[in-house]
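[1] Take a look and give me a structure for this.
(2 chains)
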Amino acid sequence: MAGLERLLASREIVLSCGSGGVGKTTVAAAAGAMAAAHLGGRVLVLTVDPARRLANALGLEQFGNTEVRIEDASWKAAGLRPRGELWAAMLDMKQSWDDLVRKHAPDAVTRDKILQNPLYQNIAGKFVHGHDYIAMERLYEIHSSGRYDLIVVDTPPTRNAIDFLSAPERMADFFSSRLLRWLIAPYKSRIYTAVSRPFYELADRILGSQFLRDIADFFMLFQEMHPGFVERAEAVRRTLEDRRTSFLVVTTLEPAPAREAEFFLSELRRRGYSVGALVFNKVLPEYFRDPEAASVAEALVERAGELAAEFAEDGVCETSTVARVLTEIGESFLNYRVVASREADQKSLLTSSSPDLVLDIPHLDEDVVDLAGLLRVGESLWEGDA
Amino acid sequence: MTATDALGPHLLERRLLFVTGKGGVGKTTVAAALGWLGAAKGLRTLVCEVDAKGNLADSYECGEIGFRPKPVTDGLWAMAMDTEESLKEYLRLQMRVPLVARIGPLARSLDFVASAAPGVKEILTVGKLCYEVREGRWDLIVVDAPATGHVVGLLAAPQAIRELVKVGRVREQTEWIVQILSDADITGAVIVTAPEEMPVNEALELAGRIADETTVDLAAVVVNKVLPELFGRAEEECFETLASSGRLEAALGPAAASVVSGARLAVRLRRTRAAHLGRLRRELPAGPELLYLPYLFTRDHGLRSTTTVAESLSAELGF
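    The predicted structure follows:
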């Protein structure tokens, strides 16, 4: 059965997700690189994680909101002539928010008022939750521009990825929320109702009236952009549900990330999104689970002295050194064997509920530092099932 | 470097520790172990999970954890941050607003505001923790804080709010919150990392951002999952001779080749990691303690792994 090749050839948006540290950035970049190399077309790898990882894996010094093309020199260094183009971009929160305001503001006056509002200036780019919405928004914007054949997205860690998925709805809800109307009401009209008065008195005591005024200004201005936002949020949601969009759930076989992967898989299914593949990263080699090899390792530890004497007779180093080496490699093997067994158990737990494409990436003994490294990771994803 | 070489106060002499780091490095385990160690040394300790993933409950095997501190063992309590509960408590205790439920729309909208309006969750989290410090009920509070990308937003939230709110109760309160956070005798950040490329990059970047964008002192960097060294130089040469001679296979059968491959992989993993560790040591600014914890082959989660890590921490800290 075909591996990632078929998935990447048939989708336009692929989102790589999983908990932190499992290598979803690397998987996203590797998938993008493989698609550019073998499928052709224009491929964009977009990272929306606030921590700056992708630049590192792609060997780029720095890149920002603008999309940057991976140079021919990088491909040459990787010893490959790509059929297509590989691009990369990272989200600049502040700039993205500014762009969004510019686009949705009904007129220049509103636009400038928003951009200069102290609350807005502090919100944009500074806090956490605005990230999710803006990331989705940007993905949608790039996709609908038609500039790329394939966009591979590196999402924030899992729990945040759930926020990320629901960000468009939350933003839409927010604009139609009662709270927002309450906040704005007294500034729109002088009429306080009997019900709302205690609320304002309280809010005033807590926050001070200037801040309330700033908030109200901000939201009143923002509300002018309401229709644009809601419409957009709806469109983003439709894009995620579309058959052309698919998710890669990436995890290692450690307990915490595996549990999150399980949670995320069920969440994706609940929302009716397409799960393209379950990718296990940093999987230890099969031979650690070979019982015969384990017997050898045990023999090495138990009979280290005896074996060392035997080998030393053949002129291999000093007996005591040989004995230490034999004990050490035996112990080390048995240690890793425990980890490998635990991994196998974890894997069968996860795959039992997952009929989807399952792919393994071996535990690489070197870091991925350049395009060649990414392509090596990509190779193990490309061809077929684990 | 040992604990006594450090410039600041001893790690466990501080009263509020924010444990953070890239996902997957064992942040929760280290936070849980720090709390366990604190309690074992007689400190009345509270451990607080911020992003409510349930991993802390797993580390203590203590069942579900909620907003109300739950006793785990002698001197140790665990809680999970809940911003809605935090706001209710704040309104009740600080603002003396009785029966919050009665101000209907506010209560119903709390969760909503907290997830939609930026900064609200952060200030409610930090505020609650600092409040606990100020009340003096605990000798030590260990926070299993959000991962790298989000922790700066959390620690910087009070200043950010203070820039926005010029008068009113909230402003007064952010002042004492900032004071607690800025006092290195009270508060410290602990970055957990692993000797791998991305975790080290992120630890270095985060150390810089904590210094530049927050007022919190970086107390320690904990390097978790340090692999054991298999060989010294003499042993390695000996291993190579043995491995290439085919004697192991001759004496023990063909499966010996797997053991040799396994040893090669272990040596290379260890070597790659040692290089990252070296880089961390070189590039980390002076000040924070640097602590090392071994990779755990036998158990990688649950209470047993928490207590094992606590023992290693105790040895590292000389505490």
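[2] longest strand of chain B?
    Longest strand of chain B, by residue count under DSSP state E: strand B:218-226.
[3] Could you pull out the buried residues of the helix or strand following that one?
    Downstream of strand B:218-226, the first helix or strand assigned by DSSP states H and E is helix B:233-245. Buried residues in helix B:233-245, counted by 16 or more other Cβ atoms under 10 Å in any protein chain shown: B:235, B:238-239, B:241-243. Backbone N, C-alpha and C define where each C-beta goes, glycine included.
[4] One more: stretch A:27-41?
    Judged by neighbour count (16+ other Cβ under 10 Å), stretch A:27-41 contains these buried residues: A:27-39.
[5] and which of those residues is nearest to chain B?
    Using Cβ to the nearest Cβ, A:Ala29 comes nearest to chain B of the buried residues of stretch A:27-41, at 11.9 Å.
[6] The closest one in helix, strand or coil?
    helix (DSSP: H, G, I helix; E, B strand; the rest coil).
[7] What's the separation between it and B:Val226?
    27 Å (Cβ to Cβ, to the nearest Å).
[8] Just want the residue of the stretch 151-300 of chain B that's nearest chain A.
    Closest point on the stretch 151-300 of chain B to chain A, by Cβ to the nearest Cβ, is B:Gly168, at 3.0 Å.
[9] What segments of the stretch 1-150 of chain B are helices?
    B:27-40, B:55-60, B:83-93, B:104-116, B:120-135, B:148-164 (DSSP state H, counting those that start in this stretch).
[10] Would you format the ones you listed as TSV with mean pLDDT included?
    Output for the helices of the stretch 1-150 of chain B, formatted as TSV (pLDDT from 0 to 100):
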stretch	mean pLDDT
helix B:27-40	96
helix B:55-60	92
helix B:83-93	79
helix B:104-116	50
helix B:120-135	89
helix B:148-164	81
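[11] Can I get these in JSON lines including mean neighbour count?
    Below are those laid out as JSON lines (neighbours: other Cβ atoms under 10 Å in any protein chain shown):
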{"stretch": "helix B:27-40", "mean neighbour count": "27"}
{"stretch": "helix B:55-60", "mean neighbour count": "23"}
{"stretch": "helix B:83-93", "mean neighbour count": "19"}
{"stretch": "helix B:104-116", "mean neighbour count": "18"}
{"stretch": "helix B:120-135", "mean neighbour count": "22"}
{"stretch": "helix B:148-164", "mean neighbour count": "23"}
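[12] Surely the residue of the stretch 151-300 of chain B closest to chain A touches A:Asp204?
    Yes - under the criterion of Cβ atoms under 8 Å, B:Gly168 makes contact with A:Asp204 at 7.4 Å.
[13] on contacts alone, who are the packing partners of whichever strand or helix holds A:Leu334?
    If you go by DSSP H and E, A:Leu334 is part of helix A:319-352. Applying 3 or more Cβ pairs under 8 Å, 6 or more residues apart in numbering or on different chains; DSSP states H and E, one finds that helix A:319-352 contacts helix A:255-270, strand A:275-283, helix A:291-302, helix A:304-313, helix B:233-245, helix B:256-283.
[14] who does the next helix or strand after the last one pair up with?
    Same thing as helix B:256-283. Using DSSP H and E, the helix or strand that follows helix B:256-283 in sequence is strand B:289-294. Sheet partners assigned to strand B:289-294 using DSSP bridges are listed as strand B:218-226 (parallel).
[15] Specify the angle between the helix holding A:Leu334 and helix A:291-302 in degrees.
    Angle of helix A:319-352 versus helix A:291-302, following axes from the mean of the first three to the mean of the last three Cα atoms, to 10 degrees, is 150 degrees.
[16] Look up how far A:Ser352 lies from B:Val221.
    39 Å.
[17] Between those two, point out the one with more neighbours.
    B:Val221 (25 against 8; other Cβ atoms under 10 Å in any protein chain shown).
[18] ok, that one touching B:Gly287?
    No - between B:Val221 and B:Gly287 there is no contact under Cβ under 8 Å: 9.8 Å.
[19] and the gap between A:Leu119 and A:Asp217?
    On the measure of Cβ to Cβ, A:Leu119 and A:Asp217 end up 8 Å apart.
[20] Mind checking which of the two has more residues around it?
    Ranked by neighbour count (other Cβ under 10 Å), A:Leu119 and A:Asp217 place A:Leu119 first, with 21 against 18.
[21] and the more buried one, what is it in contact with?
    A:214-215, A:217-218, B:164 (Cβ atoms under 8 Å, 6 or more residues apart in numbering or on different chains).
[22] Just the ones in strands from these, please.
    Among the contacts of A:Leu119, no member falls in strands (DSSP E).
[23] Widest-spaced pair of those?
    Largest separation among the contacts of A:Leu119 by Cβ to Cβ: A:Asp217 and B:Leu164, giving 12.3 Å.
[24] all helices of the stretch 101-250 of chain A, in order?
    A:108-116, A:118-123, A:130-145, A:158-175, A:178-188, A:196-207, A:209-224, A:226-241.
[25] Let me know which of the helices and strands packed on helix A:319-352 is tucked in deepest.
    strand A:275-283 (a mean of 23; mean count of other Cβ atoms under 10 Å in any protein chain shown).
[26] In three-state terms, label the residue in chain A that chain B sits nearest to for me.
    Closest approach of chain A to chain B (Cβ to the nearest Cβ) occurs at A:Gly20, with a separation of 1.6 Å. For A:Gly20, the assignment made with three-state DSSP gives coil.
[27] Tell me how many other residues surround the closest residue to it other than its chain neighbours.
    Once flanking residues are discounted, A:Gly20 sits nearest to B:Gly23: 1.6 Å by Cβ to Cβ, 6 or more residues apart in numbering or on different chains. Using other Cβ under 10 Å, the number of residues around B:Gly23 comes to 29.
[28] how about B:Gly23, what does it touch?
    A:19-22, A:157, A:257, B:147-148.
[29] and the gap between it and A:Thr351?
    To A:Thr351, B:Gly23 is 23 Å away according to Cβ to Cβ.
[30] try A:Ala340
    16 Å.
[31] More neighbours: these two, which one.
    The neighbour count for A:Ala340 versus A:Thr351, taken as other Cβ under 10 Å, is higher for A:Ala340 (22 against 14).
[32] Surely the more buried one touches A:Asp290?
    No - the pair A:Ala340 / A:Asp290 is not scored as a contact, 9.6 Å apart, by Cβ under 8 Å.
[33] looking at the chain, which residue lies furthest from center?
    I'll assume chain A. A:Glu313 (56.0 Å; Cα atoms, centre = their mean).
[34] actually chain B
    Extreme point of chain B relative to centroid (Cα atoms, centre = their mean) is B:Ala250; 49.1 Å.
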